[in-house]
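*Asks:* the sequence and its predicted three-dimensional model are supplied below.
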Amino acid sequence: MDSHAAHAPEAQGLDPHEKSHPGPGVYIKIGVVLFVLTALEVAAYEVAHRPGSLGTLLQPILVPVLLLLSAAKFALVAMYYMHLKQDSKLFSGLFVFPLIIAAVVIVSLIALFIYHYSYQRGML
Amino acid sequence: MATSAVSHAGHASAIHVEKSGIWSWITTVDHKRIGILYGASAFLFFLIGGIEALLLRIQLGSPENTFLSAEAYNQLFTMHGTTMIFLGVMPLSAMFFNYFIPLLLGARDVAFPRLNAFSFWVFLFGGLFLNVSFLFNAAPNAGWFGYANLTSKQYSPGLNVDFWVIGLQILGVSSLAAAVNFFTTVVNMRAKGMKLMRMPMFVWMSFITQILLLLAFPVITVALILLMFDRLFGTMFFTASLGGDPLLWQHLFWIFGHPEVYILILPAFGIVSEILPVFARKPLFGYAAMVFSGAFIAFLGFGVWSHHMFATGMGPIADTVFSLATMLIAVPTGVKIFNWIGTVAGGSLQFRTPLYFSLGFIAMFIIGGLSGVMHASPPADLQQTDTYFVVAHFHYVLFGGSIFALTAGAYYWWPKMFGRMLSEKLGKVHFWLMFVGFNLTFFPMHFVGLHGMPRRVYTYPAGLGFETMNQIETAGSMVLAIAFLVFIYNIIQTARKPADAPADPWNGATLEWSIPSPPQEFNFAEEPVVHSRDPLWETKRERGGKLPEPARVSGAGIHLPNPSYWPILAALGVGSVFVSIMLVHTLGPIAIAAAVLFFFFCVFKWAFEPAG
Amino acid sequence: MAFWARAFHTARRVAPVLLIALAMAACGGTSAEFPQSTLHPKSDLTSTIDGVFMTTVWWALLVFVLVEGALLYVIFRYRGRPDDREPSQVHGNTLLEIVWTAIPALILAMIAVPTVRAIFDTYEVPAGDALEVEVIGHQWWWEFRYPQYGVTTANELHVPVGRTVTMKMTTVDVLHSFWLPQLAAKRDVFPNRITTIWFRADSAGYYSGQCAEFCGLQHARMAFHVAAGTPEEFDAFITGLRRTGTPVPADTTAPSSPSSAMAGITTTTLAAQAQADTAAARDSAPAAAQAPAGSGAELFRTRGCAACHTLDATSKAKMVGPNLANIGSRRYIAAGTLLNTDENLARWIQDPQSIKPGVIMQSMGLTLEQARSVAAYLRTHK
Amino acid sequence: MTTELSLSDHAHALHPPTSTGLDNRKVAIWTFIGSECLFFASLISTYLVYKGRDTKGPTPDEILQIPLVTFGTALLLFSSLFVVIALNGAQTGNRKRLLFWLGMTIVCGMFFVGMQVYEFQHFVHEGLKLQTNLFGASFYTLTGFHGTHVTIGVIWLITVFITALRGKLPPERALNLEMAALYWHFVDVVWIVIFPVVYLMK
Ligand code: HEA
Ligand code: HEA
Ligand code: CUA
Ligand SMILES: [Cu+2]
């Protein structure tokens, strides 16, 4: 066994040293984008709930639009504010894997309930 | 600490004397002591669960028996299932995580020793809390998966279900804290040179188990919260007449519940994968395949939960999807079985007790797995679900699987933990009694189930053809009881003998066998460096044979965390928060506030305490 | 050591033989020995299921024999002595790895294909003139309604052989599971949901079934029976039940709307309705109104029985207790708890709590004598 | 060192030489966050599965109002920005930046909690209680648990703030803030999901 077991960090496929984080400039830019996206979300909601041709156009795609916008915000915060973009890939894995399972759970639960329910309706 | 390699000579406070006395156990943050605490309490809970099972078996020994009342029976089977799973097998696995993950990794402790102590105390309080319900004659009585809406206030007005809801939430806190801790430990506390693909298989399987815990427990926590709100605060999550849906409970429970069964079996897989190579004197066959199959089982485990719900009539498409996903799990599991057989093949088997239990494990787990595949066919499961056929299935995987493997692990690691070898002779008696008793108890359940005996019945009428097989089962459970008495006798006898076990009694392959038995508080006097998968075999081969008995050293200068009583107090805080919630209608919200404050106070004291 | 090794060997060799012998002994039973067995299918549905099940059994048996055999082989073949040389240090074999991934996958495919076919078969109700039955679970008994005939019964279902029976099922309280092993397998029932199952009995008989979802204190005593007979016997049964009611106006003899008892189920629970309907039922109560004092009929009316029970099979009321219109001819009372003898019936009426503790029916304070005369009165309701 | 704010016992090592080179505490907090994903996923699933299954009102349409919650959402977003600037201050030894922006974060967080308390009171006044209907039950449970997380985050940030105020948060210990910040961002992204799902898709 090694007697001088000085313990240097090893690579093991992960970044040994985290890249340095961006500065306030970047953060503020991201903040502006986030703000704009939120405004867009609310705007989309408002438009879709108003009478008018744009409203009727937006109404059916409101849900996907909102989901997209919120996914974008989510990704921005995670990547920049939570530093996933610079930090070790391990952290991204620790976040993204559960997120995938979580998304699968939400989607399949909703699908199962709709299917189960409509299936039983069909039998009536 | 575990990570500081070079000793700081002259560090006065760090000369280690063996500490003893109750106080030292209460404040200990040593992963080995915490492991022993886990083991001892889990074994006691296991015995309680076993005695509950014996009572069930006596009642079922003859038709129309009146040994137990319906109410007593329902409490006992619920507590039996809950105890065995949450207070028996899970913490027994946790004992091995605690004691051996750091040793196998070549570390001095886990990543967060105080958090580790906290997990244990929360577990202990949760377990005691659940069992205290017996004193109020209000033990949980709605089954271990507590299906709504039987658990609603309307149909279960007593405290029984409250004990269950609160108890499981307390245990959830413990499991989550432990999972974060062990996950971090495996990621970060490996000895130099121990790449991921050099980790011992037990560490790998435990690591995957932690991921399952992290992802599965939040789901049951939410389910329990919903139920708790229904019962205590008048919500209607599971009240059908107000739009709630009992089916949601089933989904949430099994999204947790199915991963949970892999939480129960993966550590067992790991233990057996450690033992077989040592007693076959040959490395584990297909290491990489073993790692990936374990990960694949865990991953698939999140996509099969509805196979517990085939009888709900989910519709053909949902049934098909869940059925196929379930069957798929047999493939990676088969890979494991075949690799174990491949490990044995070509070896030179040393028939010691741990090997007996490991081989027994493989033989029995196959049977349980195959009945699992039979359940996976939804039309067939329409006949099997909620019958003794299922009871047979899960005892084959849980007892034939987990318990056999955990027992193997106990015999294997006992000398390391206590410095004494358990008697081989008694060990083999134990094995044969357990093997025969187990099959007598649970094999006939397949038939009695297929012949129409539902589970969770406190009695059954004569004339349905259930009598003989139930008698055999009851007799078998008595044999099992004797088997465990032999084990207990073995433990007591061994404890009386001098602690003279060598450091490496089995010619082990992994790092824990390189240090004295039992290990000193700091584990490794020098931090090991690892160059291969079986580091100790490699060293022995290099040195041309056995290693000299490692000397006990003073450990001067090795930095260890200070003992602390804040973990146990914080655990008490967690317990009182939940108990005050349960009693909110008696004690009022002030009690909750006080308990929360107390908990936060402990956490702050803990956070600002000098760690050592 | 040697002794144990030898014992180990023999036991290992004998164990599978023993297991298989036990298996054959247990499977070889008849439906007379095992009246609730899933292994003796008596309908098209259960035969389909049995087919799939047997497929899984044979494949599982094959895997069992091969894999356990391989395990035993390596255990005996590679037993070593402590002084053996170190065996060669094999680390794995990719080809083997692929083989033993592929073969199980193939075997599973052999199970999966018939499984999926059977899934769709079992969900598909055969076309044709089906007998509709509504099944309503109660803690701890079963209510059966025939919407096409406007009659209700409990704990004993009569069906004609050879005709498809479709069942719509729900519960007024907690979850239960309708399990009729020989005819219909199993389906859970939920409040506010309707689940379905169907079957076509292929031979006459008296079949037993049981609640299979834990539903509280007396889950164990929530059995039921199904009498499958000729179409004529079935018609006679229905006619008999219809006679129990107060004379029915001609137009209601036509099959009524199929979902009568299920109507409105998604908005209110049956439990809530039961309260309201009970009062209505009491008014239309038994023809025993003019029975002599002290007689069974009079006691039934005055001791509160009618609050929970009706003797009129045509009553649409949702009662708390089982419909007793043909209690005189049912083989069992209280959901399979007791054989329906005069003595048992009286015992039940006098003190149900001592027989089935926790049951909703309270002990109504009758003496044994009184209970006997009530029983005698009920006996006349066939 | 004795006032190190962390649950770790390895506080003495500023850059503990771990296997991955990453700090244990950072791995742990990320692990915990991963676990929390499933917690909120279950709550959101519950909310969505029960959506529109009430037997009586008030329904989301009748109760939920966009303006106030948009304000709250913006607060939470900004607080996320502020805390990351504060973290930058901590890492670069810019004490003023650290204290000011950390303070701002805490203020935003408190305002968010205040907004939620106000909103809940308002809804109760409008006739939506936890016990009113499924919407009430699942809405309050989901947003309430989020609010609880925010509250815990605020408390955590305050303790870090106090440490910083006492000069005990030098750049080497910026991780103490980073952990709290990560948790705080997580609470923010959960809200990023809840806000459209609950309020905008009503
Ligand atoms: C340790 C715990 C454990 C394990 C490992 C398993 C493993 C499996 N289980 Fe089990 N199960 C439980 C514990 C466990 N189960 C419990 C506790 C319940 C009941 C809960 C309750 O209701 O109270 C349950 C219930 C249960 C059900 C629901 C039954 C019902 O209620 O109707 C189903 C249905 O699909 C199922 C399936 C499976 C399958 C397919 C596997 C597979 O993972 C098995 C895979 C293994 C093998 C197949 C054997 C080895 C493989 C080979 C030798 C390769 C060749 C094989 C083939 C080609 C088939 N299990
Ligand atoms: C790991 C899990 C595990 C284990 C090990 C066991 C072990 C046993 N179980 Fe298990 N069982 C479950 C998990 C487990 N069970 C679950 C989850 C359920 C479902 C519950 C539900 O439906 O909700 C269940 C249900 C269940 C039933 C069905 C009840 C019903 O549906 O009505 C039965 C019936 O026979 C049974 C029997 C047994 C027996 C005889 C043992 C034996 O193997 C026990 C052996 C142990 C002993 C015999 C103890 C020895 C004790 C001594 C020697 C005394 C010493 C005393 C002192 C020192 C003071 N169990
Ligand atoms: Cu009804 Cu069990
Ligand atoms: Cu499962």
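*Replies:* Right, received. Where do you want to start? Ligands and ions are numbered 1, 2, ... in the order given.
*Asks:* from here on, contacts and neighbour counts on C-alpha atoms
*Replies:* Fine.
*Asks:* for residue 28, grab the count of nearby residues.
*Replies:* In the absence of a named chain, chain A is used. 16 (other C-alpha atoms under 10 Å in any protein chain shown).
*Asks:* wait, chain D was what I had in mind.
*Replies:* Neighbours of residue D:28 using other C-alpha under 10 Å come to 26.
*Asks:* what strand or helix carries it?
*Replies:* helix D:24-49 (DSSP states H and E).
*Asks:* which residues touch the residue of chain B found nearest chain C?
*Replies:* Per C-alpha to the nearest C-alpha, residue B:451 is where chain B lies closest to chain C, at 3.7 Å. Going by C-alpha atoms under 8 Å, 6 or more residues apart in numbering or on different chains, residue B:451 touches B:465-466, C:34, C:36-39.
*Asks:* can you lay out the residues you listed as a markdown table showing neighbour count?
*Replies:* Converted to a markdown table, the contacts of residue B:451 look like this (neighbours: other C-alpha atoms under 10 Å in any protein chain shown):
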| residue | neighbour count |
| --- | --- |
| B:465 | 22 |
| B:466 | 26 |
| C:34 | 21 |
| C:36 | 26 |
| C:37 | 29 |
| C:38 | 28 |
| C:39 | 26 |
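*Asks:* what's the closest of these to residue B:160?
*Replies:* residue B:466 (30.6 Å; C-alpha to C-alpha).
*Asks:* give me every residue that touches that closest one.
*Replies:* Contacts of residue B:466 by C-alpha under 8 Å, 6+ apart are B:448, B:451, B:453, B:460, C:34.
*Asks:* and the longest helix anywhere in chain C with chain B, contact?
*Replies:* Longest helix of chain C, by residue count under DSSP state H: helix C:44-77. Yes - using C-alpha under 8 Å from any C-alpha of the partner chain, helix C:44-77 reaches chain B at C:49-50, C:52-53, C:56-57, C:60, C:64, C:68, C:70-71, C:74-75, C:77.
*Asks:* helix or strand next in line after that helix, which one?
*Replies:* Per DSSP H and E, the first helix or strand lying C-terminal to helix C:44-77 is helix C:94-123.
*Asks:* report the central residue of chain A.
*Replies:* residue A:74 (3.8 Å; C-alpha atoms, centre = their mean).
*Asks:* these two touch, right, it and residue D:189?
*Replies:* Yes - contact criterion C-alpha atoms under 8 Å: residue A:74 and residue D:189 qualify, at 5.5 Å.
*Asks:* check chain D for the residue nearest ligand 2 and tell me.
*Replies:* Scanning chain D for proximity to ligand 2 using C-alpha to the nearest ligand atom identifies residue D:42 as nearest, at 23.6 Å.
*Asks:* and that residue, how far from residue C:34?
*Replies:* Applying C-alpha to C-alpha, to the nearest Å, the value for residue D:42 to residue C:34 is 44 Å.
*Asks:* so which helix or strand of chain D has the lowest pLDDT on average?
*Replies:* Across the helices and strands of chain D, mean confidence by mean pLDDT, DSSP states H and E is lowest for helix D:60-63: a mean of 88.
*Asks:* and whatever residue of chain A ends up closest to ligand 1, what element?
*Replies:* Relative to ligand 1, the nearest point of chain A is residue A:112 (17.6 Å; C-alpha to the nearest ligand atom). Following DSSP H and E, one finds residue A:112 within helix A:89-123.
*Asks:* what is the mean pLDDT for that helix?
*Replies:* Per-residue pLDDT over helix A:89-123 has a mean of 88.
*Asks:* check the offset of that helix from the chain's centre.
*Replies:* Chain-centre distance of helix A:89-123: 15 Å, with C-alpha atoms, centre = their mean, to the nearest Å.
*Asks:* which other helices and strands contact it?
*Replies:* helix D:24-49 (3 or more C-alpha pairs under 8 Å, 6 or more residues apart in numbering or on different chains; DSSP states H and E).
*Asks:* contacting residues around the closest residue to residue D:165 other than its chain neighbours?
*Replies:* The spatially closest residue to residue D:165, leaving aside those adjacent along the chain, is residue D:99, at 7.2 Å (C-alpha to C-alpha, 6 or more residues apart in numbering or on different chains). Taking C-alpha under 8 Å, 6+ apart, we find residue D:99 in contact with D:86, D:161, D:164-165.
*Asks:* nearest to residue B:554, out of the residues you listed: which one, please.
*Replies:* residue D:164 (39.9 Å).
*Asks:* which element is the closest residue to ligand 3 within the stretch 151-300 of chain B on?
*Replies:* Closest approach between the stretch 151-300 of chain B and ligand 3, counting by C-alpha to the nearest ligand atom: residue B:155, at 12.7 Å. Using DSSP H and E, residue B:155 falls within no helix or strand.
*Asks:* got the phi and psi for it?
*Replies:* phi -100, psi -10 (degrees, to the nearest 10).
*Asks:* neighbours of it, just the number please.
*Replies:* Around residue B:155 there are 15 other residues, counting by other C-alpha under 10 Å.
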